[in-house]
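> Quick one, what's the 3D model for this:
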Amino acid sequence: TDSWRRLWHTRSTASFYAMHGLGPIAAAMDINRGDRMTVLRATATEPKGLADYRERFVPRSHPSWKETYVNGDLVTCLIDTARGRVIRAEHDVSSPRPYSRINSLAGSRGIFEDYAGVVSAGGGRIYVEPDHSGHTWRAFDAYRKEFDHWLWRKIGDDAADNGGHGGMDYVLQWRTVQQMRAGLVPDMDVYDAAIWCSPVPLSVRSLAAGGRPVPVPDFTRGSWVNHRVGLDSRPGEMPPVP
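Residues are numbered from 1 along each chain as shown. The predicted model follows:
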């Protein structure tokens, strides 16, 4: 239905929207704040989904019949980091599946998934040793009081009533206005924007080379080793309008 999205699928084979899922994961993993992405390799399935859907459901008079789709239905990027961790970013808007934007964090002692949408109202689910056993997901609710971000604790009720995407739009806008009024350094900066968007052209290069690894530029010129607050910000109030 989205002509702008379909147009991208006629232009190139790439991970077109990596930053949507990569941003939250990069923030949680302190990318540019103690770790950095070093190498990317990409794979892509055949471009079948859009053409198949068009054949079954779209009338011949529709302008999409003039389009030829070249991007894979599922494009997967594996990204190594300097600290030896691996990020998997997937892009799939062409195959039939329920909408989701699941973000997963997995380590040697457990796993957390957000926006899972099956366990609790908040959507988060967790399995962490030694608290859990039995190969059964648990709701994140039991950990929310201790670990939930101060912004959600402070304005979460307002966000639920006033913001889209489950309230996150309101939280982001409130925080941006607060930082501007208080003269604070933004939680996200131009270096974050650059690294989160870099898988788009880097995936093009990797896929053109048969999925071979390509180096990820260090946009910070070495300063990624330094700790910066970022989303681990300290609680604060909304300053009044001068």
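> Torsion angles phi and psi at residue 103?
Per-residue torsions, residue 103: phi -110, psi 130 (degrees, to the nearest 10).
> Break down this structure into its strands, ranges please.
For the chain, strands defined by DSSP state E occupy the ranges 37-44, 75-81, 86-91, 103-107, 110-114, 125-128, 138-139, 214-215.
> Using TSV, please lay out those together with distance to residue 171.
The C-beta positions use only the backbone N, C-alpha and C, and glycine is treated the same way. Formatted as TSV, the strands of the chain follow (distance: least, C-beta to C-beta, whole Å):
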stretch	distance to residue 171
strand 37-44	26
strand 75-81	26
strand 86-91	23
strand 103-107	16
strand 110-114	14
strand 125-128	21
strand 138-139	21
strand 214-215	35
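> now those strands in CSV, with mean pLDDT, mean neighbour count and distance to residue 8?
What follows is these, written out as CSV (pLDDT from 0 to 100; neighbours: other C-beta atoms under 10 Å; distance: least, C-beta to C-beta, whole Å):
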stretch, mean pLDDT, mean neighbour count, distance to residue 8
strand 37-44, 98, 21, 14
strand 75-81, 98, 21, 11
strand 86-91, 96, 17, 10
strand 103-107, 94, 13, 23
strand 110-114, 92, 17, 26
strand 125-128, 94, 19, 32
strand 138-139, 90, 17, 37
strand 214-215, 98, 14, 20
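> so which of the ones you listed gets nearest residue 159?
Nearest to residue 159, of all the strands of the chain, is strand 110-114, at 15.5 Å by C-beta to C-beta.
> contacting residues around the residue found closest to residue 208 once you drop the neighbours it is linked to in the chain?
Leaving aside its sequence neighbours, residue 208 sits nearest to residue 13 (C-beta to C-beta, 6 or more residues apart in numbering; 7.8 Å). Contacts of residue 13 were listed using C-beta atoms under 8 Å, 6 or more residues apart in numbering, and they are 44, 47, 70-72, 75, 204, 207-208.
> avg pLDDT for the longest helix along the chain?
Counting residues, the longest helix found in the chain (DSSP state H) is helix 168-182. Averaging pLDDT along helix 168-182 yields 93.
> Return the set of buried residues in that helix.
For helix 168-182, the neighbour count (16 or more other C-beta atoms under 10 Å) marks 170-172, 174-175, 178-179 as buried.
> again, but for stretch 182-199
Neighbour counts using 16+ other C-beta under 10 Å place 187-188, 191-192, 195-196, 198-199 of stretch 182-199 among the buried residues.
> Now those residues in CSV, please, with extra columns for distance to residue 215.
Formatted as CSV, these follow (distance: C-beta to C-beta, whole Å):
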residue, distance to residue 215
187, 27
188, 23
191, 17
192, 19
195, 13
196, 17
198, 11
199, 13
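> Pick out whichever of those sits closest to residue 82.
Residue 82 lies nearest to residue 195 out of the buried residues of stretch 182-199, by C-beta to C-beta, at 12.3 Å.
> Relative to residue 92, how far out is residue 149?
Using C-beta to C-beta, to the nearest Å, we find residue 149 at a distance of 28 Å from residue 92.
> ok so, going back, other SSEs contacting the longest helix of the chain?
If you count contacts as 3 or more C-beta pairs under 8 Å, 6 or more residues apart in numbering; DSSP states H and E, helix 168-182 packs onto helix 150-162.
> returning to what we had before: name the residues that touch the longest helix of the chain?
Residues from elsewhere that reach helix 168-182 (C-beta under 8 Å, 6+ apart): 151-152, 155-156, 158-159, 162-164, 184-187, 236-241.
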